[in-house]
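A.B. asks: Got a predicted model here, sequence first, then my questions.
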Amino acid sequence: MAVSRRGFLKISGAAAAGTALGGVAGLGLQPKRAHAAAQALRIQNTKAFPSVCPYCAVGCGTLVHVANGQIVNIEGNPDSPVNQGTLCPKGAAIYQLHVNPNRQTKVLHRAPGGTSWEEMELNTAMERVAQLVKKTRDETFVVQDSSNKKVMASEAIFSLGGATMDNEWNHVQQKLMRGIGVTPIENQARI
Ligand code: SF4
């Protein structure tokens with residue numbers, strides 16, 4: 001019997017699906033039940049901690065499953081009135097934010113004119129940032145604009161916050177920035 005290319009692909013696809021379903025059925029499980037069982041196994045013997053997705057201002061509720069002090073799974077919290085167990089694709093990948101061998105855990109510094117990044121102690125980096133902010137503010141603070149209007153602004157500093165900054169950090173950052181005269185303040189959290 002001659003089989004066209006399209007026909008061959010259809011038969012192959014059906015055979016593969018049949019084999020997979022047959023395998024599951026052969027174990028005495030229905031596919032839907034097998035899926036539910038796999039989901040349950042994934043979080044078996046874990047403790048669930050309610051949390052909030054850090055990525056945007058929607059604030060979807062999550063459940064963080066922990067076993068032996070390690071995060072093993074993060075998913076939408078069905079009890080959250082905000083998202084009722086759902087997460088957008090970004091939120092669904094929060095697990096990788098925590099458990100990821102590529103996660104940067106040290107401060108990296110590239111000196112002015114330098115061509116490579118060097119590790120820097122966190123305290124040293126914080127001290128350097130504070131000194132540079134103070135220096136920039138002192139050197140560029142504007143008391144009056146060109147029309148003699150009082151502005152009292154640090155026009156050379158811009159504050160840009162990241163999505164994973166929490167509410168408390170954002171509150172303190174705003175207080176600090178406004179206190180030293182910085183007006184351009186942006187953050188994904190829509191504060
Ligand atoms: S899951 Fe998506 S929509 Fe919900 S808070 Fe996170 S980023 Fe925002």
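C.D. replies: Structure's in. What do you need? Everything numeric in this text was worked out from a predicted model, so none of it was measured.

A.B. asks: show me the contacts for residue 157.
C.D. replies: Going by C-beta atoms under 8 Å, 6 or more residues apart in numbering, residue 157 touches 133, 136, 137, 140, 177, 180, 182, 184. C-beta: built from backbone N, CA, C; applies to glycine.

A.B. asks: What does the residue of the chain found nearest the ligand show for phi and psi?
C.D. replies: Taking C-beta to the nearest ligand atom, the ligand has its nearest neighbour within the chain at residue 91, 2.1 Å off. The phi and psi torsions at residue 91 (degrees, to the nearest 10) take the values phi -60, psi -30.

A.B. asks: And it, how far from residue 51?
C.D. replies: 11 Å (C-beta to C-beta, to the nearest Å).

A.B. asks: Also residue 41?
C.D. replies: Taking C-beta to C-beta as the measure, residue 41 and residue 51 are separated by 22 Å.

A.B. asks: And for residue 59?
C.D. replies: When distance is defined by C-beta to C-beta, residue 59 is 11 Å away from residue 51.

A.B. asks: phi, psi of the most centrally placed residue in the chain?
C.D. replies: Geometric centre of the chain, nearest residue: residue 55, 4.9 Å, by C-alpha atoms, centre = their mean. Dihedral angles phi and psi of residue 55 (degrees, to the nearest 10) take the values phi -80, psi -30.

A.B. asks: again with the one 5 residues further on
C.D. replies: Dihedral pair for residue 60: phi -60, psi 140, per degrees, to the nearest 10.

A.B. asks: Same question for residue 118.
C.D. replies: phi -120, psi 140.

A.B. asks: same deal with residue 98?
C.D. replies: The phi/psi pair for residue 98 (degrees, to the nearest 10) reads phi -90, psi -50.

A.B. asks: That one: what's it in contact with?
C.D. replies: When contacts are counted by C-beta under 8 Å, 6+ apart, residue 98 touches 71, 74.

A.B. asks: Any figure for the gap between it and residue 170?
C.D. replies: 21 Å.

A.B. asks: mind giving me the domain split of this protein?
C.D. replies: 8-42, 45-103 (automatic domain parsing).

A.B. asks: what about the residue nearest to residue 103 when sequence neighbours are not counted, is that helix, strand or coil?
C.D. replies: The spatial neighbour of residue 103 that comes closest, neighbours along the chain excluded (C-beta to C-beta, 6 or more residues apart in numbering), is residue 97 at 7.7 Å. Residue 97 carries the three-state label helix when classified by DSSP: H, G, I helix; E, B strand; the rest coil.

A.B. asks: Can you give me the neighbour number for residue 97?
C.D. replies: Using other C-beta atoms under 10 Å, the number of residues around residue 97 comes to 16.

A.B. asks: The one 10 residues further on now?
C.D. replies: Each residue near residue 107 was counted by other C-beta under 10 Å, and the total is 17.
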